[in-house]
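Enquirer: Got a predicted structure plus its sequence, pasted below:
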Amino acid sequence: MSRRTFLTNMASVSTLGLADRGQAAGRSEQLDPQGSNLPEFDVSMLQSNMQRGSLSALTLTQACLSRIDAIDRNGPGIRSVIEVNPEASALARVMDQERAAGRTRGPLHGIPVLLKDNIASADAMQTTAGSLALVGARAPRDAHLVTRLRNSGAILLGKTNLSEWANIRSSRSTSGWSARGGLTRNPHALDRNTSGSSSGSAAAAAIALAPLTVGTETDGSIVSPASINGIVGLKPTVGLISRDGVIPISRSQDTAGPMTRSVTDAALLLMAMAGADARDPATRGVKPDDYLAALNREGLRGARLGVVRASFTGNPRIDALHEQALNTLSAQGARVIDSIKLPPEELYQESEFSVLLYEFKTDLNAYLREFAQGAPVKSLAEIIAFNQTNATQEMSHFGQELFLRAQELGDLRSQPYLAALANCRRYARTQGIDEVLKRHRLDALVAPTGGVAWLTDFVNGDHYGKSFSTPAAVAGYPHLTVPCGFAAGLPVGLSFVGPAWSEARLLRFGFAFEQATQALQFPRLSPSLPKA
């Protein structure tokens, strides 16, 4: 795009009140029908307006669709939404009719939600993981979390783009790209990467295309794009949200989770999605907490937080932000215990990779048998063949060597798989997070979520740098990231990690930190970072 074309597009976007706004100077009382001031509203404000009768679910839904058209498909062209739901307005009308009849289903009644395109929904939308191999796939039923969202009154607005197959196809992939959806661009600087694999969900949340978005994570796919796009992301304990109907990578590590512009909205979305499901054994006996009630501005007072220094990036500008964040935690009453050491990730890195490939092959084939109705493929082997036949479209930027490796592996009774899984649990859980928390009497661990967004590079692939995602991901434990500032114009997140089922505690800490820092900023939608 030429500079002239970009400036022309930005002029049209600025009429929607989006250009270079940063934090809103003042809150609007009413939502503009075109959604120009949607970033100023959280879910509770939208719900209050609907209760007063000054806003309808239909007006809100159409405002979101207008923003998608103006910002995502046109204007800057973020390309975070891979497909909009043609039934969204009809669903909104039903929610309005229910409200008029005196029935509301809860705090998400009439609130639009965007789902990552690896979460099945039995409607007019497809579920493809961004792959052309699944174009035409129509789910015979909703994923369990989708059923819960519908029951809560949420409106399925559309599906978001992702790193194709959630970044399990190649070790040289480019995050945010899929053959079906193209490249999702970082709204803080369009030439920068979104990270992945929940790239579209993160970017869409950052530019407020919908009040709520849902991502999924195996290792970093919620928390990394959340941090790099400047939003809140929560990877829950594996089993708090059912994985039924979600295109799988790993039964040991996969989970869906909220990606939002505030901790409060993340708590509301988590409450709607969490719960036991007979189809997912990991959820057996799950009893979600009242995550909204856990939020408290004084929530850091008396907390014992361990700092994992090994995850600091080494970049002075980024690390300075995290030092400020630690000072904020202390100022808010937390006891910050420095230089906590976890087992080196090298002790289980290869084991994690092995577990993912074994589980991916087994569980993907099972998913495809049930949910890939209408698609040209029904197994990993057939996907590999499809990609080879359609290499120009599917493998123009990177290959599928991880698919090939997974296809060669045995089943989940294989001794190498069982040994790898045991090694992961030993160093990530028993001798990892569990041991460290107990030894130092900690409530949670804190660390930089990662670095800042890198320049998108289709030749060399991603340039992640350091990340704090792996210990909690391999353990299957909760991980919350919250914005903590900007380094060189790019957002940076702070992570809170705790033991299994400690989501309420982490959300309490994250909320208190968020309220103390007010670090959220609306993206500038610039083509690149300003030159120094």
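Expert: Now that the structure is in, tell me what you want to look at. Numbering: from 1, shown residues only.

Enquirer: Run through the residues that contact Leu162.
Expert: 82, 116-118, 129-130, 176, 178, 181, 196-201 (Cβ atoms under 8 Å, 6 or more residues apart in numbering). All C-beta atoms are positioned from the backbone trio N, CA, C, and that covers glycine.

Enquirer: So in the chain, which helix runs the longest?
Expert: helix 349-371 (DSSP state H).

Enquirer: next structured bit after it?
Expert: Downstream of helix 349-371, the first helix or strand assigned by DSSP states H and E is helix 380-389.

Enquirer: Can you spell out which helices and strands pack onto that next one?
Expert: If you count contacts as 3 or more Cβ pairs under 8 Å, 6 or more residues apart in numbering; DSSP states H and E, helix 380-389 packs onto helix 349-371, helix 401-407.

Enquirer: With just CA atoms, put that helix into CSV.
Expert: Output of helix 380-389 as CSV, limited to C-alpha atoms (Å, rounded to 0.1, in the frame of the first residue of the first chain):
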residue,chain,number,x,y,z
LEU,A,380,-4.0,-36.0,8.8
ALA,A,381,-2.7,-38.2,5.9
GLU,A,382,-5.4,-36.7,3.6
ILE,A,383,-4.5,-33.1,4.8
ILE,A,384,-0.9,-33.8,3.9
ALA,A,385,-1.8,-35.0,0.5
PHE,A,386,-4.2,-32.0,0.0
ASN,A,387,-1.4,-29.5,0.9
GLN,A,388,1.0,-31.2,-1.6
THR,A,389,-1.6,-31.0,-4.3
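
Enquirer: can you pull out the strands in the stretch 151-300 of the chain?
Expert: Using DSSP state E, counting those that start in this stretch, the strands of the stretch 151-300 of the chain run over 155-160, 177-178, 182-183, 212-217, 232-235, 255-260.

Enquirer: Adding mean pLDDT, distance to Asp142 and mean neighbour count as columns, could you present those in TSV?
Expert: Formatted as TSV, these follow (pLDDT from 0 to 100; distance: least, Cβ to Cβ, whole Å; neighbours: other Cβ atoms under 10 Å):
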stretch	mean pLDDT	distance to Asp142	mean neighbour count
strand 155-160	98	9	29
strand 177-178	98	22	28
strand 182-183	98	27	17
strand 212-217	99	13	31
strand 232-235	99	22	32
strand 255-260	99	13	31
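
Enquirer: if we can go back for a sec, could you dump the helices and strands packed on helix 380-389 into JSON lines and include distance to Pro140?
Expert: As requested, the helices and strands packed on helix 380-389 are exported to JSON lines (distance: least, Cβ to Cβ, whole Å):
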{"stretch": "helix 349-371", "distance to Pro140": "7"}
{"stretch": "helix 401-407", "distance to Pro140": "25"}
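
Enquirer: Mean neighbour count, these: which tops it?
Expert: Mean neighbour count (mean count of other Cβ atoms under 10 Å) peaks for helix 349-371 among these, with a mean of 19.

Enquirer: Counting by contacts, list what that one packs against.
Expert: Packing contacts for helix 349-371, counted by 3+ Cβ pairs under 8 Å, 6+ apart, involve helix 380-389, helix 401-407, helix 415-425, helix 470-475.

Enquirer: Would you mind finding the most buried of those?
Expert: Most buried of the helices and strands packed on helix 349-371, by mean neighbour count (mean count of other Cβ under 10 Å): helix 470-475, with a mean of 26.

Enquirer: need the next SSE after that helix, C-terminal direction.
Expert: In the C-terminal direction, the helix or strand that comes right after helix 470-475 (DSSP H and E) is strand 479-487.

Enquirer: mind listing what the helix or strand following that following strand pairs with, with the direction of each?
Expert: Downstream of strand 479-487, the first helix or strand assigned by DSSP H and E is strand 490-497. Looking at strand 490-497 with DSSP bridges, its partner strands are strand 444-448 (antiparallel), strand 479-487 (antiparallel).

Enquirer: any weak-confidence spans in this structure?
Expert: 1-27, 532 (pLDDT under 70).

Enquirer: Tell me which residue of it is positioned farthest from its centroid.
Expert: Using Cα atoms, centre = their mean, the residue of the chain lying farthest from its centre is Ala101. It sits 34.8 Å away.

Enquirer: With Gln518 as the reference, measure out to Pro76.
Expert: Applying Cβ to Cβ, to the nearest Å, the value for Pro76 to Gln518 is 25 Å.

Enquirer: who has more neighbours, these two?
Expert: Pro76 (24 against 9; other Cβ atoms under 10 Å).

Enquirer: That one reaches Leu525, doesn't it?
Expert: Yes. With contact defined as Cβ atoms under 8 Å, Pro76 reaches Leu525; the gap is 4.6 Å.

Enquirer: For Thr104, which residues are in contact?
Expert: Shown in contact with Thr104 (Cβ under 8 Å, 6+ apart): 98, 153.
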